[in-house]
Each structure stands twice: as structure tokens, then as C-alpha cells.
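**Student:** only geometry, no sequence info:
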């Protein structure tokens, strides 16, 4: 509740000052928080507003970040086709911007979407690509997340040796993680 109040205050402040970029950033962050609280309809309103503002500002990278956040919202609300469309938009943009860490996050999101759609044969190479891109950027925690998705979503389709190898790689990459969920 405190965080939502702070976001409302920040939105009011930035809107009254005419700072559209910071308004969009706060809208995205508030939308993400609302999504984690499973308030999907409210979250979607904030995220779509953030996307629209970034579109108007011609900020392709931040718009792509919002597209990835929207995809995560759609995953959480089990709207996988919408998630797929949203994350594809994010990836198409990020592949041309040189933003490797953000691209790795979007690829990880896409891999999860494909798993949830039952298209695991397509998901696996995308998740491995996400891992490689994140490692190249020095984002070892980001490189470990796609491996966790492989293990969690495809465990029954992986051989014992592959599960052990993925588990060892994930353990090494995530050894310093400070995220409780990870």
C-alpha cells in the first residue's frame, strides 16, 4: 500500500510538472507492482499508458521494456497469446538497439511463454540464447533464470544428465543471487 501511494504521489508530481518521461517510468513501475499483486486490470491500464507515452517520446528501448512487462502480466493472467505478441514486439525492438541485458530478459520471457503454450521445442533454443546473451553482458543472474525455466517447465522432457548439467550451471550462475524467489 505504501509503494502504491508513493507511485500515486510521484505520478501526480511528474504529471503536474509535465515530465512525460518520468510519468511513463512510474506508470511502468506501478503497472509491474500491480501485476505482482494480481490486480491485472489496473496493471494493464498503467502499462498501456506507459507504452503510449514512450511511443510518443520515440523511446524505443523503454517502450520495449513495457512490452516485456506487459508480456509478464499476460503470463501471470494466463493470456499466453497476448503475451507472445507483446514479447515479440519487445524482442524485435531490442535486437536492433544493442541492449543485450534487456534482450536477454525478453528472450527469457518469450521462452516461458512458449513453454506455457506447449511449444517447448521452440522454447528451448530461445532460452539457451537468453542465457548466452545475458552471460555476454555479465548478467549471471539473468543467465541463470532461463536455465531455471528449462528445469521447471521441461523437467519431464529432459534426460537425467541434462537436468544435472542444467542444475549445476544454474547453481553456479545464481550462487550470488539475493532474490529470494530465485
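**Tutor:** It's in. Being a predicted model, the structure only gives us computed values, none of them experimental. Numbering: from 1, shown residues only.
**Student:** And the residue positioned nearest the centre of the chain, how far from residue 88?
**Tutor:** Central residue of the chain (C-alpha atoms, centre = their mean): residue 68, 4.7 Å from the mean position. Residue 68 sits 11 Å away from residue 88, taking C-beta to C-beta, to the nearest Å as the criterion. Glycine gets a C-beta too; all of them are placed from N, C-alpha and C.
**Student:** before we move on, the earlier item: contact partners for the residue nearest to the centre of the chain?
**Tutor:** By C-beta atoms under 8 Å, 6 or more residues apart in numbering, the contact list for residue 68 reads 86-87, 90, 102, 105-106, 109.
**Student:** tell me the two of those that are most distant?
**Tutor:** Farthest-apart pair in the contacts of residue 68 is 86 and 102; separation 14.2 Å (C-beta to C-beta).
**Student:** Between those two, which is the more surrounded one?
**Tutor:** residue 86 (28 against 23; other C-beta atoms under 10 Å).
**Student:** So the more buried one, which state does it fall into?
**Tutor:** Taking DSSP: H, G, I helix; E, B strand; the rest coil as the rule, one finds residue 86 in the helix state.
**Student:** Spit out the contact partners of it.
**Tutor:** Counting by C-beta under 8 Å, 6+ apart, residue 86 has contacts 67-68, 70-71, 74.
**Student:** a markdown table for those residues, including secondary structure and distance to residue 24?
**Tutor:** Shown next, in a markdown table, are the contacts of residue 86 (DSSP: H, G, I helix; E, B strand; the rest coil; distance: C-beta to C-beta, whole Å):
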| residue | secondary structure | distance to residue 24 |
| --- | --- | --- |
| 67 | helix | 13 |
| 68 | helix | 15 |
| 70 | helix | 13 |
| 71 | helix | 18 |
| 74 | helix | 20 |
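**Student:** Pick out whichever of the residues you listed sits closest to residue 140.
**Tutor:** Once C-beta to C-beta is applied, the member of the contacts of residue 86 that ends up nearest residue 140 is residue 68, at 19.7 Å.
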